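only the shape, not the letters, is given here:
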């Protein structure tokens with residue numbers, strides 16, 4: 001069993017996060033690495049505050065305060081819903097799976113996904129986080145950041161090898177970011193997930209600040225890199241349309 005979180009806040013957040021996929025105390029203890037007694041105590045506190053609910057069978061669920069908080073967050077992300085037509089159009093033009101991810105702090109999170117015209121489904125899902133250094137959207141975001149923001153962020157990133165193709169040194173990553181700046185889009189050539197290729201472009205808000213990105217994804221066995229890169233103009237157009245939904249000014 002892995003060592004669980006240390007502080008009281010960390011323990012509470014770990015249990016709350018695990019509630020998204022687990023409902024039994026034993027499962028939550030296994031997922032968080034915490035003793036069952038600690039998990040039970042945390043759940044009682046969460047229930048008292050409305051962040052958890054217990055049913056008659058001893059299962060725990062996310063409580064009404066979690067749902068209310070999620071609703072308020074989604075309201076703030078209303079422009080993401082308004083961007084759906086651009087994402088749907090991109091999927092229709094390319095046949096690929098289309099993703100839209102937003103920066104939340106120093107993390108990218110999928111906020112929308114349109115499945116491709118394939119019998120299979122990508123493993124990604126709305127709410128899942130994705131790495132900045134190995135994903136197409138992540139590299140598009142990093143490449144668009146001013147150096148004053150990029151340098152400290154790169155210093156904090158863990159350049160984990162997601163696949164043998166992942167850039168795991170700052171120098172190698174900066175080389176790929178330079179390529180993304182030159183073309184206006186970023187490529188993930190099986191760098192984040194084996195057998196999957198993506199092309200991504202950055203999305204900006206009404207101030208011109210980077211807020212996320214749009215990408216198309218396909219299996220490597222179905223599309224060579226050049227074939228997927230051929231969709232880049234469509235990805236860039238979709239990213240501009242999504243940016244427009246956030247009130248971004250038209251590029252000069």
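Nice, I can see it. Since we're looking at a predicted model, the values are computed, not measured.

the strands in the chain, which residues?
Remark: strands assigned in the chain by DSSP state E are 52-54, 60-62, 97-104, 107-114, 129-130, 186-189, 196-204, 210-219.

now do the buried residues in the fourth one.
For strand 107-114, the neighbour count (16 or more other Cβ atoms under 10 Å) marks 108, 110-114 as buried. Just so you know, the C-beta spots here come from the backbone N, C-alpha and C atoms, and that holds for glycine as well.

angle of it against strand 97-104?
Interaxial angle, strand 107-114 versus strand 97-104 (axes from the mean of the first three to the mean of the last three Cα atoms, to 10 degrees): 150 degrees.

show me the contact partners of strand 107-114.
77, 80-81, 83-84, 87-88, 90-91, 97-102, 122, 124-132, 135, 137-138, 141, 212-213 (Cβ atoms under 8 Å, 6 or more residues apart in numbering).

how far away is the residue nearest the centre of the chain from residue 179?
With distances taken as Cα atoms, centre = their mean, the residue of the chain nearest its centroid is residue 109 (2.5 Å). Applying Cβ to Cβ, to the nearest Å, the value for residue 109 to residue 179 is 25 Å.

pipe the strands of the chain into TSV and attach mean pLDDT and distance to residue 23 per row.
TSV is the format used below for the strands of the chain (pLDDT from 0 to 100; distance: least, Cβ to Cβ, whole Å):
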stretch	mean pLDDT	distance to residue 23
strand 52-54	88	10
strand 60-62	87	5
strand 97-104	91	26
strand 107-114	88	23
strand 129-130	89	22
strand 186-189	97	35
strand 196-204	96	31
strand 210-219	94	31
